[in-house]
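Asks: How does the following fold in three dimensions:
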Amino acid sequence: FCVDPDDPWQRGCDRLHSKLIALGVPHECELATRVSGHTWDYFNHMAEPSLKFVVAGLEKESRRLM
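Replies: Numbers count the residues shown, from 1 in each chain. Sure thing, here's the model as predicted:
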């Protein structure tokens with residue numbers, strides 16, 4: 001998951017990240033990229049890295065199932 005540091009939801013995402021670490025749940029998050037808060041500019045900026053993450057995960061999983 002990802003959130004702009006200027007986004008009003010940043011505090012909740014930071015807390016979720018901390019709890020997942022404490023529970024040992026594997027995850028990835030991006031909480032440092034600052035674009036323009038909770039705006040389409042941020043969403044558009046993060047779309048490509050988010051989709052690359054999904055594609056990489058699907059490729060890895062497809063190799064595991066073969």
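Asks: Low-confidence regions, this structure specifically.
Replies: The model of the chain has pLDDT under 70 over residues 66.
Asks: Run through the helices of it in chain order.
Replies: For the chain, the helices identified by DSSP state H occupy 10-23, 40-65, in order along the chain.
Asks: These into a markdown table, with extra columns for mean neighbour count and distance to residue 2?
Replies: Any C-beta I mention is one placed from the backbone N, CA and C, and that applies to glycine too. As requested, the helices of the chain are exported to a markdown table (neighbours: other C-beta atoms under 10 Å; distance: least, C-beta to C-beta, whole Å):
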| stretch | mean neighbour count | distance to residue 2 |
| --- | --- | --- |
| helix 10-23 | 12 | 8 |
| helix 40-65 | 11 | 5 |
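Asks: Columns distance to residue 34 on top of those, output as a markdown table?
Replies: What follows is the helices of the chain, written out as a markdown table (distance: least, C-beta to C-beta, whole Å):
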| stretch | distance to residue 34 |
| --- | --- |
| helix 10-23 | 10 |
| helix 40-65 | 9 |
